[in-house]
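Chemist: Sequence plus the predicted model coming up.
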Amino acid sequence: MLTISQLASYAGVTVRAVRHYHKVGLLPEPERDRSGYRTYDAAAVVRLIRIRTLADAGVPLARVQELLDASAEEFAGGVQEIDKDLRAEIRRLQDTRSRLARLAAGEHLALPQSVVGYLDRLRGLGVGERYIELERDAWIMIAAQVPDLIDSVIAKKHEELDDPDMVRLYSFFTGEPDWVAGDPRIVEVADILERLMIRAVEAGEVGADGFDDQFVALMDSTMLESAPGAELVLAILKERGWSGWTRIERVPADRLN
């Protein structure tokens, strides 16, 4: 007969582990002998080794009991089920590692990969990081509002970057924004935006956008607070009869032609 220390040594575990297995019901706890000690036989050694082997293989302790008492067929089925769970967990961990890698590279976990690619394309056009951050934060909010549509929205944005007017527009945001009233760039930006808005109207791309009014107002206010000169551009567009930024609210018929 073996003491608890000898049992632990033969099975390759600690005494603390043996006591834990007693506590959770995996290993029966023998009665004390006349001397007040608990002693163990060979069957306890075999069972403890089986418990350790299953635990070392990654089997959750909650599943060990059913496998210990299972038939050969039940044991095989249980192992397959555990393997399926482990493979799903591995995929989850791999996805987590990919997210961490993107975070380490400077991208944010709240950004879908399609948006990351779009921002990288803007960087390729020379757009400054100050404006990239503004776009990034806006896309984080948009992706949270319409997660199922974000990839198609970004695909449309990529198409727009093939438009020379859009490329010219982004060329104004290569450095730190320093626009003041009277800067000729403000008028040119307003002209470009108006041409882009006219094309959107003619293509039927204005109207329902999936955003509530409060969210549109939040996006507009964020842009006005973060982009110097934006308020001046909006004032010019308002004089021409336009209203709205995130969403076109009013279209001046006399400007369409």
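Modeler: Right, received. Where do you want to start? Numbers count the residues shown, from 1 in each chain.

Chemist: Please count neighbours and contacts with C-alpha atoms only from this point.
Modeler: Fine.

Chemist: Now do the same for the spatially most distant residue from the centre of the chain: helix, strand or coil?
Modeler: Here the chain reaches farthest from its C-alpha mean at Arg34, the gap being 62.0 Å by C-alpha atoms, centre = their mean. With DSSP: H, G, I helix; E, B strand; the rest coil as the basis, the three-state label of Arg34 is coil.

Chemist: Show residues contacting the host helix or strand of Ala235.
Modeler: Under the criterion of DSSP states H and E, Ala235 resides in helix 230-239. Residues lying outside helix 230-239 but in contact with it, judged by C-alpha atoms under 8 Å, 6 or more residues apart in numbering, are Ala181, Ile186, Val187, Val189, Ala190, Glu194, Met223, Leu224, Ser243, Trp245.

Chemist: For ChimeraX, write the selection for the buried entries among those residues.
Modeler: Buried residues among these (16 or more other C-alpha atoms under 10 Å), as a ChimeraX selection:
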select :186,189,190,194,223,224,243,245
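
Chemist: want to try JSON lines for the contacts of helix 230-239, with distance to Arg63, secondary structure and pLDDT as columns?
Modeler: Shown next, in JSON lines, are those (distance: C-alpha to C-alpha, whole Å; DSSP: H, G, I helix; E, B strand; the rest coil; pLDDT from 0 to 100):
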{"residue": "Ala181", "distance to Arg63": "71", "secondary structure": "coil", "pLDDT": "74"}
{"residue": "Ile186", "distance to Arg63": "68", "secondary structure": "helix", "pLDDT": "89"}
{"residue": "Val187", "distance to Arg63": "70", "secondary structure": "helix", "pLDDT": "91"}
{"residue": "Val189", "distance to Arg63": "65", "secondary structure": "helix", "pLDDT": "90"}
{"residue": "Ala190", "distance to Arg63": "66", "secondary structure": "helix", "pLDDT": "91"}
{"residue": "Glu194", "distance to Arg63": "65", "secondary structure": "helix", "pLDDT": "91"}
{"residue": "Met223", "distance to Arg63": "54", "secondary structure": "helix", "pLDDT": "76"}
{"residue": "Leu224", "distance to Arg63": "57", "secondary structure": "helix", "pLDDT": "77"}
{"residue": "Ser243", "distance to Arg63": "63", "secondary structure": "strand", "pLDDT": "86"}
{"residue": "Trp245", "distance to Arg63": "57", "secondary structure": "coil", "pLDDT": "78"}
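
Chemist: Looking at the contacts of helix 230-239, which is nearest Arg52?
Modeler: Met223 (59.6 Å; C-alpha to C-alpha).

Chemist: Using the record, which stretches count as separate domains in this protein?
Modeler: 4-104, 113-255 (automatic domain parsing).

Chemist: Could you give the separation of the shortest one from the chain centroid?
Modeler: Averaging C-alpha positions (C-alpha atoms, centre = their mean, to the nearest Å) puts domain 4-104 34 Å from its chain's average.
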